[in-house]
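> Sequence first, predicted model second:
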Amino acid sequence: MRLRRQTYQELLEALLSAYDAPSFAQMLRVELDKTLTHYAPVNASLTEIITAVIDASEREGWTEELVLAAARYNPGNQNLQHIVSAWQSSTEGIQAAPGRERRAWPLWVKAAVSMVTVVLLFAIGAAILSRLRIFSVQPTAAPATPAMVPETISEPIALTSTTCTDGVAPTLEQLDEMVLIPGGTFVMGDNIGERPQHRVAVESFWIDKYEVTNYQYQRYVRESGASAPTSWTNEEWPPGQTAFQPVVYVTWREAADYCAAQGKRLPTEAEWEYSCRGSGNHLFPWGDDIRPGIANTQEAGCEQALSVGAYSPDSDSEFGVADLAGNVMEWVASLARPYPYSDDGRNALEDASQPRIVRGGAWIAPQEFGTCTIRSSFPPDVANDHLGFRCAANAAAAP
């Protein structure tokens, strides 16, 4: 099956408006479990990259999956949403190329093909769900529940070899540490995909040094009566996880509620980016170059979040904020709106229906997609195993 020329061009333009090369590659990886470099060289232009992927999807028969995945990963892009709506309302779906006639197959052949297709789709879907860990399978027998870490523990806890690094976790007292970020003006965006690049002024604020951990969220659940993440059992994080790993499977609203309960709030995306870039407007927290082994990204091969601060201080930003380029992506307060950034109501917490911005790298993505500038968005009810958060507070508020 081939797209009509007009539809092909509309899809190309929609994808160009919705993604830059890193975010497009991340969408392919997260939504479709596909690697961009399999279809296009890393030094190709964005148009060449997207064209190559569309052509491959036509050859291999997953064009509609590509469109749905692209629209799902960037729900704020109206061009993609328009294409999805048009296809869903069409009785023919993807049109055959002009000049090609469809062969009328016998009914028994159609039935057989349909059965095989259902089986294959089920198998592929199960594989993808397993790869992305969308669902957490709980054991039928009562697991050995990890006890809540007592407040008296103060010695650093060394990470085991199973966590892919020999770093040392923070102490319990350090988990609540916040960093004071002095007010200033910085260049937001990169003029590559996050454009236009523009100057933004931020006032002084506090931000958590570390991502919120299982231990902190468990304490909050027990003290407030809030619901535990869906992957937990009886207010206990899943077997195999530790108190010091970042909490995941938390929606945007749950993250905002947690911060509010601590007398804090979610950071705006401007505050998050400034915390990462520092006064030097660096591309990564540590500078402007990729540094293997300095963050928990796909290259580390851990396939899970690690203890917060596992790569500190080497991977910390100029201001001393940890895990901005890896471990888990992070919810921020801001609505998914285009640049230039401004305080135009996009940070209001009342609207819980529109997509919200997520920032930072993650263990599931290559380090090149963990820059300070890359922004993605999810519907606010999304929760998965590579998405967490940290809190912020106004400068006048005591941390």
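Structure's in. What do you need?
> Least confident secondary structure element in the chain?
Within the chain, no helix or strand scores below helix 107-132, which has a mean of 41 by mean pLDDT, DSSP states H and E.
> following it, which helix or strand comes up?
Remark: after helix 107-132, the chain's next helix or strand is helix 172-175, criterion DSSP states H and E.
> so where's the protein shaky on pLDDT?
1-2, 6, 42-43, 90-168, 398-399 (pLDDT under 70).
> May I see the buried residues of stretch 347-364?
Buried residues in stretch 347-364, defined by neighbour count with 16 or more other Cβ atoms under 10 Å: 347, 355, 356, 357, 358, 359, 360, 361, 362, 363, 364. Every C-beta, even on glycine, is put in place using the N, C-alpha and C of the backbone.
> And for stretch 214-223?
214, 215, 216, 217, 218, 219, 220, 221.
> Next: stretch 83-90.
83, 84, 87.
> Specify which member of those is nearest to residue 30.
Comparing those against residue 30 with Cβ to Cβ places residue 84 closest, at 18.0 Å.
> From the contact counts, what lies against the strand or helix carrying the closest one?
If you go by DSSP H and E, residue 84 is part of helix 78-89. Here helix 78-89 touches helix 5-18, helix 63-73, going by 3 or more Cβ pairs under 8 Å, 6 or more residues apart in numbering; DSSP states H and E.
> quick one, which of these is nearest to residue 394?
Using Cβ to Cβ, the nearest of these to residue 394 is helix 63-73, at 32.3 Å.
> How far off centre is the closest one?
16 Å (Cα atoms, centre = their mean, to the nearest Å).
> what's the angle from that helix to helix 78-89?
130 degrees (axes from the mean of the first three to the mean of the last three Cα atoms, to 10 degrees).
> residue contacts, the most centrally placed residue in the chain?
Residue closest to the mean C-alpha point of the chain, counted by Cα atoms, centre = their mean, is residue 329 at 4.5 Å. Residue 329 makes contacts with 358, 359, 360, 361, 362, 376, 386, 387, 388, as judged by Cβ atoms under 8 Å, 6 or more residues apart in numbering.
> For it, what are phi and psi?
phi -70, psi 160 (degrees, to the nearest 10).
> Bridge partners for it, pull those for me.
residue 387 (DSSP bridges).
> Could you shift the numbering so residue one becomes 51, and keep it that way?
With the count now opening at 51, the last piece we talked about shows up as residue 379.
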